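**Student:** sequence and predicted model, in that order:
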Amino acid sequence: MKINAHASFALFTVALLLAPASLAASLYRYTNEEGVTVVDYQVPAAYVGKGYEILNKDGMVVEVVPRELTGEEKKVRNAQQELEFEARAEERRLREWDESLLLRYSTLEDIEAARERALRDLRIRLSILKGNKRSLKQQVESYQAQAADLERSGREVDVARISAIEDIQAEIATTERSINDRAEEIELVSAAYQKDIDRFKQLLEVVALRQSLLARQRAEREKEEADPRR
C-alpha cells in the first residue's frame, strides 16, 4: 500500500477502519526514493536504512528509527564519543584527585612538609648507595694494586683474586643502576608533589573566589534589607 502525501491521512484512516487491530497497531511511515511519504504495514528492505516512523492505532508516532549513518558520519560520531569518554574520564580523575588532596592536606605547608619527608628518605637511600659504590671501588682498587704487585714481582695473579675483582665490578654495576633508579625516583616524586601543590593552589583560588562571591552577595542583601526605600 503506497500513498502520496496528499492522500496519506484519508487512506491511513481507512486502513485503521478496515485492518484488524493487530495490524492497525503496526503501521510504518517512510519516504520512498521519489520523496513521497508512504504509510504501510511494513518497510521495504531498500528503505529500512533510510529511517522510518512507527505509528500507533491513533496515527501517533510512538517511535522514530533514525537512518543509518554513512561511513564518514560514523567516523565523526565515534570520534565525538571518544572525546566525550576522555572528557568524562578526565573529569573523574580530577574529581578523585581533588578529593584525595582535600582529605590528606589542609594547607600548602602540609604538602611541602610531606614532600620533604619523602625526598629525605630517598636521598638517604641514594647516599647509602653512593657510599657502597665508593667502598666497592676501593676494594677493586686494592685487589688491582695487589695484582699489579704480583705481576711486577714475576708471580702470577691467582684466580681467586681475579674472580673477586670481577664479582666486585659486577656489584658496582648493579649499584650504579640502583643509584640511577633512586635519582630518577627522586625526580618523579618531586614532580608529583609539585603537581599536587599546583592543584591545591587552584583549589584554594576557587574556594577564595566562592567566598568572595558569597560575601558580596551577603553584603548586597544586607544593604537591601537596611535600605528603608526598598
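**Tutor:** Sure thing, it's come through. Numbers count the residues shown, from 1 in each chain.

**Student:** what residue ranges in this structure score low on pLDDT?
**Tutor:** When residues are selected by pLDDT under 70, those of the chain lie in 1-25, 227-230.

**Student:** mind doing that once more with 90?
**Tutor:** Scanning the chain for pLDDT under 90 picks out 1-26, 33-35, 46, 48, 56-60, 67, 69-71, 147, 149-161, 205-230.

**Student:** that one: strands as residue ranges?
**Tutor:** Shown for the chain, the strands assigned by DSSP state E span residues 27-31, 37-40, 52-55, 61-65.

**Student:** any chance of these in TSV with mean neighbour count and distance to F85 as columns?
**Tutor:** Bear in mind the C-beta positions are built from the backbone N, C-alpha and C, glycine included. Compiled in TSV, those are given as follows (neighbours: other CB atoms under 10 Å; distance: least, CB to CB, whole Å):
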stretch	mean neighbour count	distance to F85
strand 27-31	19	33
strand 37-40	18	38
strand 52-55	19	30
strand 61-65	11	25
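
**Student:** could you chop this protein up by domain?
**Tutor:** For the chain, the domain assignment from automatic domain parsing gives the residue ranges 8-65, 70-104, 106-225.

**Student:** distance across the longest one, terminal residue to terminal residue?
**Tutor:** In this case it means domain 106-225. 36 Å (CA to CA, to the nearest Å).

**Student:** E68 contacts G49, doesn't it?
**Tutor:** Yes: judged on CB atoms under 8 Å, E68 makes contact with G49 at a distance of 4.2 Å.

**Student:** where exactly do the helices run in this protein?
**Tutor:** Assigned helices in the chain, in chain order: 8-18, 21-24, 45-48, 71-104, 108-152, 159-226 (criterion: DSSP state H).

**Student:** export those to CSV and tack on distance to E33?
**Tutor:** Below are those laid out as CSV (distance: least, CB to CB, whole Å):
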stretch, distance to E33
helix 8-18, 17
helix 21-24, 25
helix 45-48, 8
helix 71-104, 20
helix 108-152, 67
helix 159-226, 57
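
**Student:** for those helices, which one sits closest to L55?
**Tutor:** Of all these, it is helix 8-18 that lies closest to L55, at 8.0 Å by CB to CB.

**Student:** now do the buried residues in stretch 200-212.
**Tutor:** For stretch 200-212, a neighbour-count test (16 or more other CB atoms under 10 Å) marks F200 as buried.

**Student:** could I get the CA-only coordinates of that stretch as PDB?
**Tutor:** Extracted C-alpha coordinates of stretch 200-212, given in PDB (Å, rounded to 0.1, in the frame of the first residue of the first chain):
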ATOM      1  CA  PHE A 200      45.900  22.600  45.700                       C
ATOM      2  CA  LYS A 201      46.700  26.200  44.800                       C
ATOM      3  CA  GLN A 202      43.900  26.100  42.200                       C
ATOM      4  CA  LEU A 203      41.500  24.600  44.700                       C
ATOM      5  CA  LEU A 204      42.400  27.400  47.200                       C
ATOM      6  CA  GLU A 205      41.800  30.000  44.500                       C
ATOM      7  CA  VAL A 206      38.400  28.500  43.700                       C
ATOM      8  CA  VAL A 207      37.500  28.500  47.400                       C
ATOM      9  CA  ALA A 208      38.600  32.100  47.800                       C
ATOM     10  CA  LEU A 209      36.600  33.100  44.800                       C
ATOM     11  CA  ARG A 210      33.400  31.400  46.100                       C
ATOM     12  CA  GLN A 211      33.900  33.000  49.500                       C
ATOM     13  CA  SER A 212      34.300  36.400  47.900                       C
END
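
**Student:** centre of the chain versus that stretch, how much separation?
**Tutor:** When distances are taken as CA atoms, centre = their mean, to the nearest Å, stretch 200-212 is centred 24 Å away from the chain's centroid.
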